[in-house]
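Enquirer: Need a 3D model of the following:
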Amino acid sequence: MIISIMFIVALSQVWLVAAPASAGVLTANGWYEEEEIYYILNGVEEGVTERGDNQIYLIGGDRAFQANVVLFIPGERGYSPHWNVNVVHSLPGVTVQDILDSGLASAHFDEEGVLFDDVEDILEAEFMGLVQIERPGVVVHCPIISEKGAESPGNNELPEIFAEFDLDGGF
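Expert: Below is the predicted model:
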């Protein structure tokens with residue numbers, strides 16, 4: 001019995017030494033008031049349907065066409081690493097070109113394919129009848145960090161390659 005316990009302890013110590021270094025954290029880019037931001041993806045908060053005032057907007061779904069857009073950043077009243085999820089879709093019959101023509105699209109559209117980079121523009125597009133915002137009652141925990149932090153050794157960055165918007169279609 002004692003030999004078995006000693007073997008298990010020795011084996012666990014060998015595994016700890018041979019085990020690879022931590023995989024780090026998963027990080028992603030996003031947008032806030034026309035500027036790129038970065039955050040850690042800690043996942044969905046179980047059993048929580050809403051928390052605070054902080055909002056994150058998923059354009060066509062989570063990173064389906066572009067990086068997500070956030071309402072607040074650290075230092076602003078209302079910021080929290082707990083974000084209420086909002087999913088943004090174009091209304092039936094509304095095309096991406098209609099949104100571009102409205103003047104609400106990001107200046108980053110031509111070079112980076114970013115349709116929205118500011119929550120105010122998303123809310124104005126909703127008011128103008130261009131998009132609808134679904135609120136599925138999901139909260140995610142994603143603290144904002146610096147670009148340097150996102151790119152730190154050992155961290156895993158999500159790719160910044162997205163599906164292209166169809167100018168003549170919706171999303």
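Enquirer: Kindly list the longest strand within the protein.
Expert: strand 82-90 (DSSP state E).
Enquirer: Ignoring the adjacent residues along the chain, who's closest to the residue nearest to the spatial centre of the chain?
Expert: Geometric centre of the chain, nearest residue: N68, 4.5 Å, by Cα atoms, centre = their mean. In this structure, N68 finds its nearest non-sequential neighbour in G30, 4.7 Å apart by Cβ to Cβ, 6 or more residues apart in numbering. Bear in mind the C-beta positions are built from the backbone N, C-alpha and C, glycine included.
Enquirer: Verify the stated contact: the one you found with L41.
Expert: No - at 10.5 Å, G30 and L41 do not qualify as touching, with contact defined as Cβ atoms under 8 Å.
Enquirer: quick one: which of these two has more around it?
Expert: Using other Cβ atoms under 10 Å, the more surrounded residue of G30 and L41 is G30, with 21 against 15.
Enquirer: could you point out which element follows the worst-scoring helix or strand of the chain on mean pLDDT?
Expert: In the chain, the helix or strand scored least confidently by mean pLDDT, DSSP states H and E is helix 2-18, which has a mean of 29. As assigned by DSSP states H and E, the chain's next helix or strand after helix 2-18 is strand 26-32.
Enquirer: quick one: strands adjacent to that next one?
Expert: In the sheet, strand 26-32 lines up against strand 35-40 (antiparallel), strand 68-70 (parallel), strand 156-157 (parallel) (DSSP bridges).
Enquirer: With respect to burial, which of those strands scores highest?
Expert: strand 68-70 (a mean of 25; mean count of other Cβ atoms under 10 Å).
Enquirer: pLDDT weak spots in this protein?
Expert: Applying pLDDT under 70 to the chain picks out residues 1-23.
Enquirer: Identify the residue nearest I145 in space, chain neighbours excluded?
Expert: Nearest non-adjacent residue to I145, counting by Cβ to Cβ, 6+ apart: Y38, 5.5 Å away.
Enquirer: Isn't that neighbour up against N29?
Expert: Yes - here Y38 reaches N29: they are 5.5 Å apart, a contact under Cβ under 8 Å.
Enquirer: what's the overlap in contacts for these two?
Expert: A150 (Cβ atoms under 8 Å, 6 or more residues apart in numbering).
Enquirer: Only C-alpha atoms, please: export stretch 131-139 in PDB.
Expert: Output in PDB follows, covering the C-alpha atoms of stretch 131-139 (Å, rounded to 0.1, in the frame of the first residue of the first chain):
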ATOM      1  CA  VAL A 131     -30.900  46.800 -37.500                       C
ATOM      2  CA  GLN A 132     -32.600  44.900 -34.800                       C
ATOM      3  CA  ILE A 133     -30.900  44.100 -31.500                       C
ATOM      4  CA  GLU A 134     -31.600  40.800 -29.800                       C
ATOM      5  CA  ARG A 135     -31.000  40.500 -26.000                       C
ATOM      6  CA  PRO A 136     -30.700  36.800 -25.300                       C
ATOM      7  CA  GLY A 137     -30.200  37.200 -21.600                       C
ATOM      8  CA  VAL A 138     -26.600  36.000 -21.600                       C
ATOM      9  CA  VAL A 139     -23.700  37.600 -19.600                       C
END
